[in-house]
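[1] coords please:
(2 chains)
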Amino acid sequence: MPRLRFAPSPTGFLHIGGARTYIFNWLYARRHGGTMVLRIDDTDVARSTQASLESIYEGLGWLDLGWDEEYRQSDRVDLHRQLAEAILAKGLAYCDAAAVRFRVPRDPARIIRFNDLVYGEQEKSTADIEDFALLRSDGTPTYHMASCADDIDLGITHIVRGQDHLTNTFKHILIFEAAGAPLPEFAHLPLLIAPDGSKLSKRRHGPVVSVTTYRDAGFLPHAFVNFLCLLGWSPKDDRERMSRQELIDAFSLEGINRANAVINFREDDPFDPKAVWLNAEHLRALPVPDLAERLLPHLRAAGFEVERDKLLKVTPLIQERIKTLRDAAAVADFFFAGELAPYDPAELIPQKGDAALARAVLERARGVLAVTEFERQALEAALRAAAGASGVKAGQMFQPIRVAVCGRKAAPPLFETLEVLGRETCLKRIDHAIGKLP
RNA sequence: GGCGCUAUCGUCUAAGGGUUAGGACGGAGCCCUCUCAAGGCUCAAAUACGGGUUCGAAUCCCGUUAGCGCUACCA
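    Numbers count the residues shown, from 1 in each chain, chains lettered A, B, ... in the order given. Just a heads-up that it's a prediction; the model follows:
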């Protein structure tokens, strides 16, 4: 059974490139009934921080992609050192000052080859590889040493990682050979880059590179994972929105392409429009109770008092009007706010009408709403009839009512909205609106 | 500098010798409609450049250009 690993170093926040690497490893492991290993590569004690370790757990936890085994390199230093010593004892490395350095066989030079599952046949002459450190002068293992020793010890069969490691792989093969270990399969992933072609960095690009930013912005983890999968990989059949199971079933390393992928964010629009669209797609596909449950914390965070029963009624009205969970606060505010935010009374005036018409319509509507059953069909019938009797078009009747009860022109369908709001609130808001008119 | 990798609409991608170079996002327009959405339809938009090979090249080869990576006792 294949064994995959994700080996982040806790020297910064989990960023989206790392998340994508994890996802591809995870997908491959699940696709082939393998094991997913999380290994924290914390050999650089000086740069490792607890905060970034927590950000890794936080980010991976949110993605909802579990791992099966977990290790920390700092617990395994003896193992790394032993392998380094063994290589030294075989005469394949030498002491350089106090450090131990691998002696790359250059006389005669030989060609090292491997077949990358994404990039194909790779080869490089040892003449172009310099001797590299295995152990630092303080005796601690370097990344190359620790990583290979662990990959061997943990029985990793597939190393799937960023393309920035492609040329390191030749060094790693040398270590595997020196250790007498079988070679794993290698697959390198194209990198995620910024619109200007530079690599993603927290310093230059800000929070958009951090996984938790997407969580906080109201992305669904399954949508976000779906989006990341589509960067550098495709199912080849035009599918875009895919469930977890569909991703697992369709995933293959051979389907990954080789060019770096741009994540399309801008300063004034920090999220890739396709990520936002895909999120909206997943949002719409969610059963109402599920969506309501996810909306709840975001609405409460925005300061609204929200009861579950009411939210269950509001959710279907906003489901296709929000692109992120966080949008709900702005779209559904009037359902939960005790008092409407101030709005311009001019909004109450319908097309081809004036303030007098608005007042007449609202007064008429008030009369109707005072006596009609608060159920969408009854409301629609009664208000349409009222419009006809007043000699105004339905739209001219509905618009002032909508603004009066919602505080704005863009809102969910009117009759459903009235029904959810209830008679008392609607009458109160219409009275208020009439009062605002000159 | 050396070594390596890459190049299809603005972006993500499909097509891997024969297609009007397909889809999606985003953009424009139309339809639907109580507003806003959602949905439907339509339009604009690409094979980096130059040489080969071939009856035929986005696709294979070479070169150029550009971008990226590695070249640490960072990972």
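[2] Which residue is the nearest non-sequential neighbour of A:Gln50?
    Leaving out its chain neighbours, the residue that sits closest to A:Gln50 by Cβ to Cβ, 6 or more residues apart in numbering is A:Pro10, at 7.9 Å. For the C-beta atoms, the positions are set from N, CA and C on the backbone; glycine is no exception.
[3] need the contact list for that neighbour.
    In this structure, A:Pro10 makes contact with A:Ile40, A:Asp41, A:Asp42, A:Ser48, A:Thr49, A:Gln50, A:Ser52, A:Leu53, A:Ile56, judged by Cβ atoms under 8 Å, 6 or more residues apart in numbering.
[4] Can you go through these and name the buried ones?
    Burial by neighbour count, 16 or more other Cβ atoms under 10 Å: within those this picks out A:Ile40, A:Asp41, A:Asp42, A:Ser48, A:Ser52, A:Leu53, A:Ile56.
[5] show me where the stretch 301-438 of chain A has helices.
    Taking DSSP state H, counting those that start in this stretch, the helices of the stretch 301-438 of chain A run over residues A:308-318, A:327-331, A:333-336, A:355-371, A:376-390, A:394-406, A:414-421, A:423-436.
[6] try the stretch 151-300 of chain A
    Taking DSSP H, counting those that start in this stretch, the helices of the stretch 151-300 of chain A run over residues A:168-178, A:202-205, A:211-216, A:221-229, A:244-250, A:273-285, A:288-301.
[7] winner for burial among those?
    When neighbours are counted by mean count of other Cβ atoms under 10 Å, the highest per-stretch mean among the helices of the stretch 151-300 of chain A falls to helix A:221-229, a mean of 23.
[8] Surely A:Ser234 and A:Ser252 touch.
    No: between A:Ser234 and A:Ser252 there is no contact under Cβ atoms under 8 Å: 10.8 Å.
[9] what about the helices of the stretch 151-300 of chain A, which gets the closest to RNA strand B?
    Each of the helices of the stretch 151-300 of chain A was scored for nearness to RNA strand B using Cβ to the nearest atom of the strand, and the closest is helix A:273-285 (3.6 Å).
[10] now the angle from the closest one to helix A:221-229?
    Our comparison of helix A:273-285 with helix A:221-229, counting by axes from the mean of the first three to the mean of the last three Cα atoms, to 10 degrees, yields an angle of 150 degrees.
[11] In terms of secondary structure, what does helix A:273-285 contact?
    Helices and strands touching helix A:273-285, as assessed by 3 or more Cβ pairs under 8 Å, 6 or more residues apart in numbering; DSSP states H and E, comprise helix A:221-229.
[12] most remote residue from chain A's center?
    Distance from the C-alpha centroid of chain A peaks at A:Ala389, with 52.8 Å (Cα atoms, centre = their mean).
[13] how much space is there between that one and RNA strand B?
    Counting by Cβ to the nearest atom of the strand, to the nearest Å, the separation of A:Ala389 from RNA strand B is 16 Å.
[14] quick one: low-confidence parts of chain A?
    Under the criterion pLDDT under 70, no range of chain A is flagged.
[15] Save the helices of the stretch 151-300 of chain A as a markdown table, and put in distance to RNA strand B too.
    Formatted as a markdown table, these follow (distance: least, Cβ to the nearest atom of the strand, whole Å):
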| stretch | distance to RNA strand B |
| --- | --- |
| helix A:168-178 | 5 |
| helix A:202-205 | 11 |
| helix A:211-216 | 15 |
| helix A:221-229 | 8 |
| helix A:244-250 | 12 |
| helix A:273-285 | 4 |
| helix A:288-301 | 14 |
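[16] Show me what from the stretch 51-200 of chain A comes close to RNA strand B.
    Remark: the part of the stretch 51-200 of chain A in contact with RNA strand B comprises A:96-99, A:101, A:119-120, A:122, A:124, A:128, A:130, A:132-133, A:136-138, A:142-144, A:147, A:163-168, A:190-191, A:193, A:195, A:197-199, using Cβ under 7 Å from any atom of the strand.
[17] Of the residues you listed, keep whichever come out buried.
    Neighbour-count burial within these applies to A:99, A:101, A:119, A:122, A:124, A:132-133, A:142-144, A:147, A:163, A:166, A:190-191, A:193; the criterion is 16+ other Cβ under 10 Å.
[18] just the buried ones among the contacts of A:Pro10 now: which is nearest RNA strand B?
    Set against RNA strand B, the nearest of those by Cβ to the nearest atom of the strand is A:Asp41 (3.3 Å).
[19] Identify the residues contacting that closest one.
    A:Ala7, A:Pro8, A:Ser9, A:Pro10, A:Gln73, A:Tyr143, A:Ala146, A:Ser147.
[20] let's go with 7 Å and repeat that
    Taking Cβ atoms under 7 Å, 6 or more residues apart in numbering, we find A:Asp41 in contact with A:Ala7, A:Pro8, A:Ser9, A:Gln73, A:Ser147.
[21] Tell me the spacing between the third one and A:Gly232.
    What it means is A:Ser9. A:Ser9 sits 22 Å away from A:Gly232 when distances are taken as Cβ to Cβ, to the nearest Å.
[22] ok, now A:Arg241?
    Distance check for A:Arg241 against A:Gly232: by Cβ to Cβ, it reads 18 Å.
[23] okay, these two: which has more neighbours?
    Here A:Arg241 and A:Gly232 are set side by side on neighbour count (other Cβ atoms under 10 Å), and the busier one is A:Gly232, at 21 against 18.
[24] Verify the stated contact: A:Lys236 with A:Asn257.
    No: A:Lys236 is not in contact with A:Asn257 according to Cβ atoms under 7 Å; the separation is 10.6 Å.
[25] neighbour-wise, which of the two wins?
    A:Asn257 (13 against 9).
[26] what's the closest non-adjacent residue to that one?
    In space, and not counting its chain neighbours, A:Asn257 is closest to A:Gly232: 6.0 Å by Cβ to Cβ, 6+ apart.
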